[in-house]
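Engineer: Predicted model and sequence below, questions to follow.
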Amino acid sequence: MFPYLLVFIIATIYLLMSSTVRDEKNRFLLACFFMYAALFIGLGDMIGGYDRYIYGSGFDAIADEMRSTRDLSHVVYLVHSNEYGYFYWEVFVSLFTENRYIFILVTTLLAYLLYYQAFKKYIEDYPLAVILFLGLFYYFTMTYLRQVIACGIAWQSFRYIWQREPVPFFALVLIAYTFHSSAVFFLPAYFIPTKKYSQEFIIKVLAISLIIGLTPLPLRLLALQDDEGTASMNYSDQIQGFRIEYVLEVIAFIFIIFKNYSSITYDKKELTMLNLSFVYCAGLLIFMRFGQGGRMCWFYFFPIIYTFVKLANNRNAYSWVRPALIVMSLALFLRITFAWSTQNVPYKTFLTNGEPCGDGTIYRQYEYNQGYTANKFIRKAWDPVWDRNRDF
């Protein structure tokens, strides 16, 4: 388990040794940390479990087709809903490798490149933002490849909200949608007014969201993300009753924001991120009865990170905000570390052969090619000479 904890330890060292100034040195350190985090995930041997086997088998099928008839109609069944962006990303990567491990590594690097661009574009205090990222989002990037890429794409679009530029905003959301249909839940972001609401109004909205979460409406909303309804049925099957952790998370976030509400300025960028943070909280309450309901709100993680970082660096905010955010992030990070311990420990890279980490349950159930166990590189990169001699 220590390798997983080491990620947070290194981030803490980065926080303690770096300044909050957004300069070239800190951008370089941010790039280094994201590269380290991406390699840790991308080199991991099937960490995240079931989802990686699904991604791997789908990519293998496409890679096989690209080395035979090259008729994509034979593998178009792998496209979920309208997620053609992810499908053609698989096709593109298959031009260079047919190995599922290399595909996952490259895909993870793509996701973290998008995060880096978003952080560089919008965040001022990189080290604290990294700590918040680890607590809120890091572990999900191990597992849900399509959706975390979609989030990274959508996160490039925030400035078009307060600049009132609908074309680039909706273009980016559309691209994100082609990677994961849950991006449809980010569409309302453009229409959130750029104004500072009263605390009483926000509390009323959250109370209404809580009531909505107890009705059948969230199930209908989930159905919007899939034309055929298959994904939404998977989500709806995970109704788990009252998710108290979602409610507690919202209470903690709102408490920190409201205690420092007077220090928030009327800057359009700051108000946009603030109100999108409230949307995240409302979304958690609306989808609180679903096991993976929080996934519908991931596109609003970045505004939460931005808002908390802004508060922590505001001279008029309480001095306890920064340490409170660090402790909260550590608690969230440890919660998932221990909750996923059966899947993610001990850590092992795919650079060594053998079974992946974990207790073997998921491996025995979902491994579709035992050849990968004996030799991780049994499926080689494309040999151009061999390919030219093929009779297509």
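Structural biologist: Cool, the structure landed.

Engineer: so the spatially most central residue of the chain is in which element?
Structural biologist: Central residue of the chain (Cα atoms, centre = their mean): Val148, 3.3 Å from the mean position. Element membership of Val148, judged by DSSP states H and E, is helix 145-154.

Engineer: Which is the succeeding secondary structure element to that helix?
Structural biologist: Defined by DSSP H and E, the subsequent element after helix 145-154 is helix 159-162.

Engineer: Mind listing what's buried along the helix or strand just after that next one?
Structural biologist: Once the chain leaves helix 159-162, the next helix or strand it forms, by DSSP H and E, is helix 166-179. Of all the residues in helix 166-179, those buried under the rule 16 or more other Cβ atoms under 10 Å are 169, 172-173, 175-179. Just so you know, the C-beta spots here come from the backbone N, C-alpha and C atoms, and that holds for glycine as well.

Engineer: Pull the number of nearby residues for Leu30.
Structural biologist: Other residues near Leu30 number 22, with proximity taken as other Cβ atoms under 10 Å.

Engineer: what's the answer for Glu355, then?
Structural biologist: That count, for Glu355 with other Cβ under 10 Å as the rule, works out to 14.

Engineer: Do I have it right that it meets Tyr363?
Structural biologist: Yes - shown here, Glu355 and Tyr363 form a contact pair, counting by Cβ atoms under 8 Å, at 5.6 Å.

Engineer: quick check: mean pLDDT across the helix holding Val148?
Structural biologist: Rounded to a whole number, the mean pLDDT of helix 145-154 is 96.

Engineer: before we move on, what about stretch 24-31?
Structural biologist: 88.

Engineer: ok, now stretch 250-262?
Structural biologist: Rounded mean pLDDT across stretch 250-262 is 95.

Engineer: buried sites along that stretch?
Structural biologist: 250, 253-254, 256-257, 260-261.

Engineer: Filter the residues you listed down to the ones in helices?
Structural biologist: 250, 253-254, 256-257 (DSSP state H).

Engineer: And the helices in the stretch 251-392 of the chain?
Structural biologist: Remark: helices assigned in the stretch 251-392 of the chain by DSSP state H, counting those that start in this stretch are 268-286, 301-312, 321-339, 341-344, 361-366, 371-374, 384-388.

Engineer: Just say which of these is most tucked in.
Structural biologist: For the helices of the stretch 251-392 of the chain, the largest average neighbour count (mean count of other Cβ atoms under 10 Å) is found in helix 301-312, namely a mean of 25.

Engineer: so what secondary structure elements neighbour that helix?
Structural biologist: Packing contacts for helix 301-312, counted by 3 or more Cβ pairs under 8 Å, 6 or more residues apart in numbering; DSSP states H and E, involve helix 100-122, helix 126-136, helix 244-259, helix 268-286, helix 321-339.

Engineer: okay, the angle between that helix and helix 126-136?
Structural biologist: 130 degrees (axes from the mean of the first three to the mean of the last three Cα atoms, to 10 degrees).

Engineer: hmm, back to that, possible to save the ones in helices among the buried residues of stretch 250-262 as JSON lines with distance to Val205?
Structural biologist: Formatted as JSON lines, these follow (distance: Cβ to Cβ, whole Å):
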{"residue": "Val250", "distance to Val205": "12"}
{"residue": "Phe253", "distance to Val205": "14"}
{"residue": "Ile254", "distance to Val205": "11"}
{"residue": "Ile256", "distance to Val205": "18"}
{"residue": "Ile257", "distance to Val205": "13"}
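
Engineer: Any idea how far stretch 48-64 is from the middle of the chain?
Structural biologist: From the chain centre to the centre of stretch 48-64 is a distance of 18 Å (Cα atoms, centre = their mean, to the nearest Å).

Engineer: what comes up buried for it?
Structural biologist: Under the neighbour-count rule (16+ other Cβ under 10 Å), stretch 48-64 has 48-49, 51-53, 55-56, 58-63 buried.

Engineer: for the residues you listed, which one is nearest Glu367?
Structural biologist: Tyr53 (6.7 Å; Cβ to Cβ).

Engineer: Quick check: the closest one touching Asn369?
Structural biologist: No - using Cβ under 8 Å, Tyr53 is not in contact with Asn369, being 9.7 Å away.

Engineer: could you check the angle helix 126-136 makes with whichever helix or strand Ile9 is part of?
Structural biologist: Using DSSP H and E, Ile9 falls within helix 2-17. Here the directions of helix 2-17 and helix 126-136 differ by 150 degrees (the same axes, to 10 degrees).

Engineer: Check which helices and strands helix 2-17 sits against.
Structural biologist: helix 24-42, helix 126-136, helix 321-339.
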